[in-house]
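>>> how would this look folded up:
(2 chains)
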Amino acid sequence: MPITPATLTESHEPAADGQDYIWTLNFGPQHPATHTTLRIVLKLDGERVVDALPDIGYLHSGFEKLGESLDYNQYVTVTDRMNYISPMANNVAWHGAVERLMGLELTPRCKYLRVIVAELARISDHLLCNGAVGLDVGAFTYFLYAFNRREDLYDIFETVCGARFTNSYTRVGGLMYDATDLFIEKVRAFVRTFPKTLDDMDRLLNRNRIFIDRTKGVGVLTKAEANSRSCTGPVARGSGVARDLRKDEPYLSYPDFDFQVCCATAGDCFARYLVRMAEMRESLKIVEQAIENLPSGPVNVDIGRRAALPNKRMVYSTIEGCISHFELEMTNRGFETPVEESYAAIEAPNGELGFYIAGDGTDVAYRARCRPPSYIHFAVFPHLIRGHTLSDVVAVLGSLNIIAAELDR
Amino acid sequence: MPARSETIAALKSAYPQLTESEFRGQTRVVVPAEQLIAVASILKDERGFDLLVDVTCVDYLNFRDAEYRFGLVYLLASTTGNERITLRVYLNEPHLSVASLVSLWEGANWLEREVWDMFGIRFEGHPDLRRILLPEEFTAFPLRKDYPLQGRGERHNFPVLTRNQG
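Model prediction:
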């Protein structure tokens, strides 16, 4: 049924209490509280939401089709633009999936660096998500506290890869650049100062009467529903599903670190907020352990594997480096992938972010499917909002952390 | 995480002709389209696969040695048993339809709608099978391999409303 004016004015059954009108409100696509471009058609009875019809696709840009024409290293720039709040996590997910397909084992230093940037991306994502929930329900100061520290994270990303926003930091079999001393110094400074920010943020909202009234008991998702509706990440953990891929299916170097999986049982917006706050502390613990125990050695896989470009010194002074560089640059050589299909996922800030890649022997994916957590969580939205008031729409939307670029891809 | 041998045994005892394969620690089971619901319910009810991770599709039009045009991919996981399994359903034209899994997992709703939108595969029994990412008026299925990367001009020929008409 297309959403047209005709279908919206269809007659509805009169309400039991004799109220025979239901009116329609167009929420978005241009609305500050949608954060990006998505549209919800709300059917309202007074101020109460009777039904919500999501209408998405405004930002659909054919990312999966592009994945079939860009090679494995080029496509990482597209993954930046999916969930642009935490592009580092998308980079790590994409190349993790490519390396799973190719059967590449990364170097220890590369694994640690990927963990550090992925966890910093998680902090950055949760800061924005929680900050925006605060902003949407009226806590503007809280939003500034969160956004202020995201600036430091952007500085760290700029130090390590040169780009602040669209990082494209990973490469097949390694990373674009090795970490510098300045990067390590900046991460250490962040680890030192960030707990104070978290304490401030906790003190601002955790016991704030207005915030609690606006979020507690709003948008309740039970554990069974969370599983049935394919929820993952903080949304599922807020409902008591103790599933975290970092623990359950350890990838990269997560087994080396000591951290907890954060869960809540209430399943409402407040529970999701608390889970995200707690996860930031755990992420910080991981970053601290990783940066202090950062292994030395190369970041890219061995030159014999012919996946990552050799460094300049090798290209100019060794025959293997020269040949390897030449072959990787030639359009009809590149690296080889098996004619097989595989799926690999990471615990992205928003939930399970996975890529299903079908390889056809060349260095371009035959099919590059992204499992987008935002898309799956937005499908839950009409269910969560039914029966709540119009002002709860923004609280529920914010707590699901819908990023429309990832939603529509 | 590969599927446990008990899971495979449970499937094989009900449907002995199912074939499974493994690649990089992932277990894949090829299921005939008509048995999909039955196999999925065994996995859900008896083996605790309570999470439908993803539903997607691959168009094998230009794929080497492919016997089928489309291959659906169902990624299932168990949140309690920490186990994963992939179901593959192969379809050939003109029979591009398969039973919908919305009755088992609510999460299949939008995932199947996206496959319909992008590949044109019908899901029988789906409560609301209409386009989701593309506009209603769109006629092609863009993730099929015979659809060109730059489109067929839909974007340029799209009706535009000016301010006066609106």
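>>> element containing the closest residue to residue A:162 other than its chain neighbours, please.
Using C-beta to C-beta, 6 or more residues apart in numbering or on different chains and skipping the chain neighbours, the partner closest in space to residue A:162 is residue A:177 (7.8 Å). For glycine as for every other residue, the C-beta is placed from the backbone atoms N, C-alpha and C. Of the helices and strands defined by DSSP states H and E, none includes residue A:177.
>>> what's near enough to touch residue A:177?
Residue A:177 sits next to A:160, A:161, A:162, A:169 when contact means C-beta atoms under 8 Å, 6 or more residues apart in numbering or on different chains.
>>> now the two most distant members of these.
A:162 and A:169 (9.1 Å; C-beta to C-beta).
>>> so these two - more neighbours on which side?
residue A:169 (24 against 12; other C-beta atoms under 10 Å in any protein chain shown).
>>> ok, now which ones touch the more buried one?
A:88, A:91, A:117, A:157, A:160, A:161, A:175, A:176, A:177.
>>> which secondary structure state does the residue lying closest to residue A:96 once chain neighbours are set aside sit in?
Among residues not flanking residue A:96 along the chain, residue A:344 sits closest, at 5.2 Å (C-beta to C-beta, 6+ apart). Secondary structure state of residue A:344, per DSSP: H, G, I helix; E, B strand; the rest coil, is strand.
>>> quick revisit: among the contacts of residue A:169, which lie within strands?
Of the contacts of residue A:169, the ones assigned to strands by DSSP state E are residue A:175.
>>> who wins for most neighbours among the contacts of residue A:169?
When those are compared by neighbour count (other C-beta under 10 Å), residue A:117 ends up highest, at 30 neighbours.
>>> confirm that residue B:20 sits in a helix.
No. Counting by three-state DSSP, residue B:20 falls outside a helix, being strand.
>>> burial of the residue nearest to it when sequence neighbours are not counted, as a residue count?
Excluding its sequence neighbours, the residue lying closest to residue B:20 (C-beta to C-beta, 6+ apart) is residue B:29, at 4.7 Å. Around residue B:29 there are 23 other residues, counting by other C-beta under 10 Å.
>>> can you check residue A:307 too?
Neighbours around residue A:307, by other C-beta under 10 Å: 26.
>>> dump the residue contacts of residue A:65.
Counting by C-beta under 8 Å, 6+ apart, residue A:65 touches B:142, B:143, B:147, B:149.
>>> find the closest residue to chain A in chain B.
Closest contact between chain B and chain A, by C-beta to the nearest C-beta, is at residue B:107 (2.9 Å).
>>> what's near enough to touch that residue?
Counting by C-beta under 8 Å, 6+ apart, residue B:107 touches A:228, A:229, A:230, A:231, A:376, A:379, B:51, B:52.
>>> if you drop the residues flanking it in sequence, what lies closest to it?
Using C-beta to C-beta, 6+ apart and skipping the chain neighbours, the partner closest in space to residue B:107 is residue A:230 (2.9 Å).
>>> hang on, the one you found in a helix?
No. Checked against three-state DSSP, residue A:230 lies outside a helix; its state is coil.
>>> if I look at it, how far off is residue A:293?
36 Å (C-beta to C-beta, to the nearest Å).
>>> ok, the two, which is more surrounded?
Legend: neighbour count by other C-beta under 10 Å for residue A:230 and residue A:293, higher for residue A:230 (31 against 12).
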